[in-house]
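**Student:** Structure of the sequence below:
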Amino acid sequence: MEKIANREVAEQVLKALGEQLDAAGQAYELVVVGGSGLLVLGMIDRSTRDVDLVALRVGSTLEKPEPLPVPLREARNRVARDFSLPEHWLNPGPAGLLDFELPQGFLDRVESRGYGSHLTVHLASRFDQIHFKLYAAVDAGPGKHSQDLEALEPTSEELLLAARWARTHDPSPGFEEVLRRVLSHYGVDDADI
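**Tutor:** Numbers count the residues shown, from 1 in each chain. Reported below is the predicted structural model:
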């Protein structure tokens, strides 16, 4: 398989991860951003290679998922084998976003889903995904992030809020220049960012 092809497969993979954690008696709450989260929520329909884990939720706090706890890593590896996915299909790649804070009110907006009795997945909201996808589109250039951002159909106000948040993560003049070009592409000119 090597990719999570669609929403149905994404749900199957997360259900399988939940089953593995149920069998191990280990409970986790995952906070997911990126394409896989959008796929599960039905906001995009493209395939993805991985599930981007920004944090582990412990009570009302978020903790960096690096390194993944051993029971979670073992469950992930079994699911990778069973579904022919890349070894790191569940990865803490975006965990660095925690260093500069997530958008204010992020946890209040997540959509939470249970997969078995030991796995809860908190999916970033559309509003927050606009923030992450704008930041990624500016940082990485045209591609899947830009496509995902377009699929989210952000308003000018949402783009401005996302741009201001993105500037807290990268205040460099080069980032600002590219950010302004991306905003202009979406019809947001002379923005106060």
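**Student:** who's in contact with Ile193?
**Tutor:** Leu160, Ala163, Arg164, Arg167, Glu176, Leu179, Arg180, Leu183 (CB atoms under 8 Å, 6 or more residues apart in numbering). For glycine as for every other residue, the C-beta is placed from the backbone atoms N, C-alpha and C.
**Student:** Check Gly18 too.
**Tutor:** By CB under 8 Å, 6+ apart, the neighbours of Gly18 are Gly114, Tyr115, Gly116, Ser117, His118, Leu119.
**Student:** and the fifth one, how many neighbours?
**Tutor:** Okay, so that is His118. Counted by other CB atoms under 10 Å, the residues lying close to His118 total 21.
**Student:** Which strand residues bridge the residue positioned nearest the centre of the chain?
**Tutor:** Closest to where the C-alpha atoms of the chain average out (CA atoms, centre = their mean) is Val33, at 1.1 Å. Beta-bridge partners of Val33, counted by DSSP bridges, are Asp52.
**Student:** That one reaches Gly96, doesn't it?
**Tutor:** No. In this structure, Val33 is not within contact of Gly96 by CB atoms under 8 Å, at 11.6 Å.
**Student:** Since that was my last question, I'll sign off now.
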